[in-house]
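> what's the 3D shape of this:
(2 chains)
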Amino acid sequence: MSTHETRAPARTPAPPRDTVRTVVRSVGEVFMTLGVLLLLMCVYQLWWTNVESAQAITASRDEIVKSWHQPLPTPSPTTSASASSSSTGTAAPTATRAPASPAYGTGFALLYIPRLRDKVWGLPIHQGTSKDVLAQGAGHYKETQMPGEVGNFAIAAHRSTHDEPFANFPDLQAGDKVYVQTRTTWFVYTLTKDDPNLSPTDVWVVEPVPGHPGTTPSQKLLTMTTCTPRYGSTGRWAWWGVLSSTIPTTSPAPDGLTGTA
Amino acid sequence: MYAWMWRKLPGPWPVKALEALVAFAAVVLLLFTVVFPWLEPRLPFNDVTVDETPAATATPTP
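Numbering: from 1, shown residues only, chains lettered A, B, ... in the order given. This is a model prediction of the structure:
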């Protein structure tokens, strides 16, 4: 600083161009920026996805319940209905989607698990298990059976982030009831066994007869999968159940279910 | 980098501070609405399903 020469004009001298200092400072700034980005990513994952998914789950549940209150040959929900009585004036397509597999991403059932009541109480089940589907609730392995069918009704849901419906998955116990509500029926499953040490490639767990490919199924099973450890993806945890009763939705809600929609 | 940005911001320092805050908020908004939602499915977190071959890990290496 003290080395500027006397013959320089009386203007403020330009700061010395210390390239080393500039480089060191720039590298430090880049690292600090990356650190902030990583922290923001954590905030997004651990907080914001929960906020977004909670809203999506509520909206999807409302949509499913609303669709159940409409007559079965539903024209596509273009909101232009509401023509009150005798609304089916236009030639509605005879698309009965009750027993058949719903379109990918369509919500077709609500899940109630008393043991996980704080999160899994009217949780929408959509067709498919891609991440955008799982951000709105539980997802149904599309190649597996539908609720109540002989075979395996297999679903998956998040245990961390995206409203973490299965956050308390390890609390489940054999004998716990799992209620699947569809348009017409309450399907009541009773949990039988679990396996917390599965690999992500253990696709046998969702087979019609888990672990016995090619065997003709005779039971009506339920399979639920999620990740383990929590906040990780190295393993999978599965619970199996078997159908114990079916109750029409026109009847009162089954025992153990109070305060449902 | 940040010193350069600070010099480029117009106005006296309280105005600069406000502008910096707005710029940071804009960056966060962009991250949360565009970048992170795009990035998240590509990261190996939060997979809850069983799949045949996630990212070709099941294929034996020659």
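> contacts and neighbour counts: CA atoms only from here.
Noted.
> what residues of stretch A:240-253 count as buried?
Across stretch A:240-253, burial judged by 16 or more other C-alpha atoms under 10 Å in any protein chain shown covers A:240-243, A:246, A:253.
> same list (the residues you listed) but as a markdown table, adding pLDDT and secondary structure.
Output for those, formatted as a markdown table (pLDDT from 0 to 100; DSSP: H, G, I helix; E, B strand; the rest coil):
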| residue | pLDDT | secondary structure |
| --- | --- | --- |
| A:Trp240 | 97 | strand |
| A:Gly241 | 97 | strand |
| A:Val242 | 97 | strand |
| A:Leu243 | 96 | strand |
| A:Thr246 | 94 | strand |
| A:Ala253 | 80 | coil |
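> low-confidence regions, the chain specifically.
Using chain A here. Within chain A, the ranges that satisfy pLDDT under 70 run A:1-17, A:73-100, A:258-261.
> that's the wrong chain, I meant chain B
For chain B (pLDDT under 70), the answer is B:53-62.
> residues of chain B that sit close to chain A?
Applying C-alpha under 8 Å from any C-alpha of the partner chain, one finds that chain B approaches chain A through B:1-2, B:28, B:32, B:36, B:41, B:44-54, B:58.
> in helices, which of the residues you listed fall?
Mapping the residues of chain B next to chain A onto helices (DSSP state H) picks out B:2, B:28, B:36.
> and B:Asp51, what does it touch?
Going by C-alpha atoms under 8 Å, 6 or more residues apart in numbering or on different chains, B:Asp51 touches A:200-203.
> re the thing from before, buried ones only from the residues of chain B next to chain A, please, as a PyMOL command.
Applying 16+ other C-alpha under 10 Å to the residues of chain B next to chain A, the buried members can be selected in PyMOL as follows:
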select buried, chain B and resi 28+32+36+45+46+47+48+49+50
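> quick one on the thing from earlier: farthest-apart pair in the contacts of B:Asp51, please.
Spatial extent of those (C-alpha to C-alpha) is set by the pair A:Pro200 and A:Val203 at 7.7 Å.
> circling back: near chain B, list only the ones from the contacts of B:Asp51.
Among those, proximity to chain B is found for A:200-203 (C-alpha under 8 Å from any C-alpha).
> which of those residues lies closest to B:Lys8?
A:Pro200 (51.1 Å).
> check which helix or strand that closest one maps to.
Per DSSP states H and E: A:Pro200 is located in neither a helix nor a strand.
> picking up where we left off before, higher neighbour count, A:Pro200 and A:Val203?
Legend: neighbour count by other C-alpha atoms under 10 Å in any protein chain shown for A:Pro200 and A:Val203, higher for A:Pro200 (24 against 16).
> next one: that one from A:Thr226, what distance?
In this view, A:Pro200 and A:Thr226 are 10 Å apart by C-alpha to C-alpha, to the nearest Å.
> next up, the contacts around the residue in chain B positioned nearest to chain A.
Going by C-alpha to the nearest C-alpha, chain A is nearest to B:Val48 of chain B, at 4.3 Å. B:Val48 sits next to A:156-159, A:225-227, A:233, A:236 when contact means C-alpha under 8 Å, 6+ apart.
> nearest residue to the residue in the stretch 51-200 of chain A positioned nearest to chain B in space, please, no chain neighbours.
Using C-alpha to the nearest C-alpha, A:Pro200 is the residue of the stretch 51-200 of chain A that sits closest to chain B, at 4.9 Å. Nearest residue to A:Pro200, sequence neighbours excluded (C-alpha to C-alpha, 6 or more residues apart in numbering or on different chains): B:Val50, at 4.9 Å.
> any idea which element A:Glu149 lies in?
Using DSSP H and E, A:Glu149 maps to neither a helix nor a strand.
> I'd say it and A:Pro217 touch.
No - using C-alpha atoms under 8 Å, A:Glu149 makes no contact with A:Pro217, being 10.1 Å away.
> for the residue nearest the centre of chain A, which non-adjacent residue is closest in space?
Geometric centre of chain A, nearest residue: A:Leu134, 2.8 Å, by C-alpha atoms, centre = their mean. Nearest-residue entry for A:Leu134: A:Ala157, 6.2 Å, with adjacent residues in sequence omitted and distances by C-alpha to C-alpha, 6+ apart.
> thought A:Thr153 was touching A:Thr223?
Not Thr; residue A:153 is Phe. Yes - between A:Phe153 and A:Thr223 there is a contact under C-alpha under 8 Å: 6.1 Å.
> now do the shared contacts for those two.
The contact sets of A:Phe153 and A:Thr223 overlap at A:Val206 (C-alpha under 8 Å, 6+ apart).
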